[in-house]
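>>> coords please:
(2 chains)
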Amino acid sequence: MREQFGATVTELLEHDPRTALVLADIGTAQFPDAARDHPDRVVNVGIREQLLIGVAGGLALTGMRPIAHTFASFLVERPFEQVKLDLVHQGVGAVLVSAAGSYDWPAGGRTHMSPGDVALLDTLPGWHVHVPGHPAEADLLLRHAVAAADTLQYVRLSAHQNAERQPVVPGRFLTVRQGTRLAGVVLAVGPMLDAVLEATETLDVTVLYAATVRPFDTVGLRAALGDRADVVLVEPYLAGTSERAAHRALEGLPHRVLGLGVPVAEHRHYGSISEHLAAYGLDAAGLHAAIASYLW
Amino acid sequence: MTNHSAAHAATAPTRAPAGPGPRRAVTDRAGLLDLVALMTGDEKHSPAAHSTLDALWVLYDRVLDVHPGNVDAPERDRFLLSKGHGPMAYYAVLAAKGFFPVELLHGFGAYDSPLGHHPDRLLVPGAEIGSGSLGHGLPLAVGTALGLRAQGLTGPAVWVLIGDAEFDEGSNHEAVAFAGAYGLDRLHTLVIDNSSATHGWSGGIAARFAGEGWSTATVDGRDHEQLYRAFTAPHPGRPHVVVARTEPKYS
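Here you go, the predicted model:
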C-alpha cells in the first residue's frame, strides 16, 4: 500500500496545484519525481514531527490541501496536540496518511506500533478515517480524501492486506456475505476481511466490510441486521475502538456488541505479522472461536 | 458538512471587514492603554499583555500590510500571535485598527464575547490563528510561508510573535532549524523577551536563531524607532528574527 501511496500522490501533485506533500524523512524515497518537479509542494522537514503537523496546518491556512505522511506512531501519537490545535482548532483541513499501523513491523517492537491512533482521533471532532484492505482501495480512498477539500481525513495504510480488492464506496459498509434472518453481523475492518471470511465459513453470519470507519455507516449496519442485533467488530487497531459508534448506531434497539482487535496491553514479542495476529486472537482460528461462542 | 466547515459558516459574519472603528482614532500608546483598560478579568496575564504592546503597535501601525479592507485577501501580510496568553494588547491594537468595534473589548472573557483570554481565529476578526498553548505559532508560520511561496505569492510577509519562555518549547526549535536551513526569507519572528524563561537563554535568544542561519536584531522593546528599523531591516535569503527586550516580568 505504501508503493500505491507513492504512485497515487505523485499523480495528484502533478494534476492539482493546491496539493502539497509534507514528509518527515520517512517515505521520501517514494517521491523522487514529485520532489524534483514540484520543489515548493513537496517538503521534507527532517525528523521533526511536531513541525510536520504544524506545517500542514500553516499550508492549509493559505488555502493549500496538505498531505502529511509518516509512521502512525509519529503522525498521530507523538504530535497529538498539534493534530488537535494546528488542524482541528484552527478550523482547517488536512490529509494524514500513516504507515506501519498496529503490527506492521513486529520485529521493530513497541516503539513503532500505534494501535491507539484511531481511538485517539475519536477524541477529536470531524475526522474521516479510512482503513483500506488492498492497494487498489488505498488508491481510491486517497483520491477521495484529497478531493474532499478542507476536511480532516486520515488514511491508515498497512502492510497487512486482503487477497482481493473490494468494490468500496467511501463511507459505506459493504455486504460481503449474507446470512439468514437469524444471523448476527460481523463487521470486518480493512485488512481483517480475509481472516473474518475464513473464520465464519461454517457460521450463519452476515459479513460486512468497512474500509471507511468514520463516519460510521449507521444506515449500512442497521440495514444488515436480521431479527437479532448481535454485532461483532473486528478491527486492526485497539479492540473496542468502534464499540461506542456501534452502540450509537444501534440506539433504540436491544443489541449486543463485541469488539475484537489489538489488545491494549503491550505485547513484548518480536517476530512476524502473522505471529502477532495469532497471539491477539485475530487469525482465522482465534476469530472463529471468539465469534462462534459469542453468536452461538 | 464537517465540524470545522460549520464553524466557519457560523462565524463568517464576524470576519467581515470593518464594523464601526474606534469612536476616536487611536494614534499613540496612551490611546492603546485606554483600550487595554477596558478589559478586565485576566490580571494574572497583565505583564504578558503589556510586554507586547509597543512592538504590536509599531507592526500594525507602520509595517504590516493587513487591515480590515484586505483581511481575507491572499496578498495580505500575515501576523500570527503565538503567545496567546495575555492578548489584551493584541485585541486593543486590532480594535484600534478597526478589525472589530471597540465596544467588544468590554466583554473580554465573557460567555458571549468573541474575545477570550486566549484568542480563537474563528471568533476574532483579524486573528490569523487560535493560540494559547505555547509552541504552535512558529510551526504554523513556517507552513504559512511555504504555502504562500507554493502559490507564487512572494510579496506577503509572515510574522509570528512568541515569548522568551515560549521559546523553551521544543516545537519552536524544530521550526527555527528548518526555516533557517530552508532559507524561508518571508518568515519573521518577533520574540518578546521579558526574561520570563525559568532557566534563561545564555548569550541571548538571538544567538540561537543566528546559529541556524537567521538574520537577527535585538532591540529595546519599548523604543518605537528601534523596533521599526529592526522590523524593516533587509534580510535577503534568510528568515529574520527581532528580539524585543522589555522590563523583566518578575522584577
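>>> Give me the phi and psi for the residue in the stretch 1-150 of chain B positioned nearest to chain A.
Taking C-beta to the nearest C-beta, chain A has its nearest neighbour within the stretch 1-150 of chain B at residue B:143, 2.0 Å off. Just so you know, the C-beta spots here come from the backbone N, C-alpha and C atoms, and that holds for glycine as well. The phi and psi values for residue B:143, taken as degrees, to the nearest 10, are phi -60, psi -40.
>>> burial count for it?
Using other C-beta atoms under 10 Å in any protein chain shown, residue B:143 has 32 other residues around it.
>>> so who does it touch?
A:22, A:54-62, A:66 (C-beta atoms under 8 Å, 6 or more residues apart in numbering or on different chains).
>>> From these, which land in helices?
Judged by DSSP state H, helices contain the following of the contacts of residue B:143: A:54-61.
>>> Make CSV from the residues you listed and add neighbour count, distance to chain B and pLDDT to it.
Converted to CSV, those look like this (neighbours: other C-beta atoms under 10 Å in any protein chain shown; distance: C-beta to the nearest C-beta, whole Å; pLDDT from 0 to 100):
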residue, neighbour count, distance to chain B, pLDDT
A:54, 32, 2, 98
A:55, 32, 4, 98
A:56, 36, 6, 99
A:57, 29, 5, 99
A:58, 35, 2, 98
A:59, 33, 4, 98
A:60, 27, 8, 98
A:61, 24, 5, 98
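>>> quick revisit: how about the residue of the stretch 1-150 of chain B closest to chain A: what's its closest non-neighbour residue?
Using C-beta to C-beta, 6 or more residues apart in numbering or on different chains and skipping the chain neighbours, the partner closest in space to residue B:143 is residue A:58 (2.0 Å).
>>> Can you list the helices and strands that whichever strand or helix holds residue A:187 packs against?
Assigning secondary structure by DSSP states H and E places residue A:187 in strand A:184-189. Where contact means 3 or more C-beta pairs under 8 Å, 6 or more residues apart in numbering or on different chains; DSSP states H and E, strand A:184-189 is packed against helix A:193-199, strand A:205-210, helix A:218-224, strand A:230-238, helix A:284-295.
>>> For residue B:156, find the nearest of the ones you listed.
Among these, the nearest to residue B:156 by C-beta to C-beta is strand A:230-238 (41.2 Å).
>>> Summarise which helices and strands the closest one is packed against.
In terms of contacts (3+ C-beta pairs under 8 Å, 6+ apart), strand A:230-238 is packed against helix A:117-121, strand A:184-189, helix A:243-249, strand A:256-262, helix A:284-295.
>>> Now do the helices in chain B.
Along chain B, counting by DSSP H, helices occupy B:3-11, B:29-36, B:46-51, B:53-58, B:88-96, B:137-150, B:170-182, B:205-211, B:224-231.
>>> Quick check: mean pLDDT of the first one?
Mean pLDDT, helix B:3-11: 39.
>>> got the residues of the stretch 51-200 of chain A near chain B?
Applying C-beta under 8 Å from any C-beta of the partner chain, we find that the stretch 51-200 of chain A lies next to chain B at A:51, A:53-64, A:66, A:81-82, A:85-86, A:88-93, A:125-126, A:150-152.
>>> and the ones in helices among the contacts of residue B:143 as CSV, adding distance to residue A:282?
Compiled in CSV, those are given as follows (distance: C-beta to C-beta, whole Å):
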residue, distance to residue A:282
A:54, 35
A:55, 36
A:56, 32
A:57, 35
A:58, 39
A:59, 37
A:60, 36
A:61, 40
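>>> Listing partners with orientation, what would you give for the strand holding residue A:187?
Strand pairing for strand A:184-189, using DSSP bridges, gives strand A:205-210 (parallel), strand A:230-238 (parallel).
>>> Just send those back as a markdown table, with mean pLDDT too.
Formatted as a markdown table, those follow (pLDDT from 0 to 100):
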| stretch | mean pLDDT |
| --- | --- |
| strand A:205-210 | 98 |
| strand A:230-238 | 98 |
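>>> So for residue A:105, which of the ones you listed sits nearest?
When the strands paired with strand A:184-189 are compared by C-beta to C-beta, strand A:230-238 sits nearest residue A:105, at 14.0 Å.
>>> Any quick ChimeraX command for the buried ones out of the residues of the stretch 51-200 of chain A next to chain B?
Buried members of those, defined by 16 or more other C-beta atoms under 10 Å in any protein chain shown, are picked up in ChimeraX with:
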select /A:51,53,54,55,56,57,58,59,60,61,62,64,66,82,85,86,88,89,90,91,92,93,126,151,152
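>>> ok so, going back, include distance to residue B:76 and mean neighbour count when you put the helices and strands packed on strand A:184-189 into CSV, please.
Below are the helices and strands packed on strand A:184-189 laid out as CSV (distance: least, C-beta to C-beta, whole Å; neighbours: other C-beta atoms under 10 Å in any protein chain shown):
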stretch, distance to residue B:76, mean neighbour count
helix A:193-199, 50, 21
strand A:205-210, 43, 25
helix A:218-224, 43, 16
strand A:230-238, 42, 25
helix A:284-295, 56, 17
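>>> ok, now how distant is the spatially closest residue to residue A:192 that is not a sequence neighbour from chain B?
Closest residue to residue A:192 apart from its sequence neighbours, by C-beta to C-beta, 6+ apart: residue A:234 at 4.6 Å. The spacing between residue A:234 and chain B, counted by C-beta to the nearest C-beta, to the nearest Å, is 28 Å.
>>> Test my guess that residue A:234 contacts residue A:185.
No. Look at residue A:234 against residue A:185 with C-beta atoms under 8 Å: they stay out of range, at 11.1 Å.
>>> picking up where we left off before, pipe the helices and strands packed on strand A:184-189 into TSV and attach distance to residue A:17 per row.
As requested, the helices and strands packed on strand A:184-189 are exported to TSV (distance: least, C-beta to C-beta, whole Å):
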stretch	distance to residue A:17
helix A:193-199	37
strand A:205-210	33
helix A:218-224	36
strand A:230-238	34
helix A:284-295	46
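>>> Select, out of those, the one closest to residue B:231.
Of all the helices and strands packed on strand A:184-189, it is strand A:230-238 that lies closest to residue B:231, at 48.7 Å by C-beta to C-beta.
>>> and the angle for that closest one with helix A:284-295?
Put simply, strand A:230-238 runs at 140 degrees to helix A:284-295, going by axes from the mean of the first three to the mean of the last three C-alpha atoms, to 10 degrees.
>>> so where's chain B shaky on pLDDT?
B:1-23, B:44-45, B:47-49, B:251 (pLDDT under 70).
>>> Name the residues of it found near chain A, please.
Proximity of chain B to chain A (C-beta under 8 Å from any C-beta) is limited to residues B:2-5, B:7-8, B:74, B:120-122, B:128-130, B:133, B:135-136, B:138-151, B:153, B:170-171, B:174-175, B:177-178.
>>> In ChimeraX, how would I select just the buried ones from the residues you listed?
Of the residues of chain B next to chain A, the buried ones can be selected in ChimeraX as follows, counting by 16+ other C-beta under 10 Å:
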select /B:2,4,7,8,120,121,122,128,129,130,133,135,136,138,139,140,141,142,143,144,145,146,147,148,149,150,151,153,171,174,175,177,178
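>>> show me what contacts the residue most central in space within chain A?
Nearest to the geometric centre of chain A sits residue A:131, at 2.8 Å (C-alpha atoms, centre = their mean). Residue A:131 makes contact with A:118, A:156, A:158, A:189-191, A:210-213, A:236 under the criterion C-beta under 8 Å, 6+ apart.
>>> OK, contacts around the residue nearest to it when sequence neighbours are not counted?
Distances taken as C-beta to C-beta, 6+ apart place residue A:190 nearest to residue A:131, at 3.5 Å, with adjacent residues excluded. Neighbour list for residue A:190: A:131-133, A:156, A:158, A:210-211, A:236 [criterion: C-beta under 8 Å, 6+ apart].
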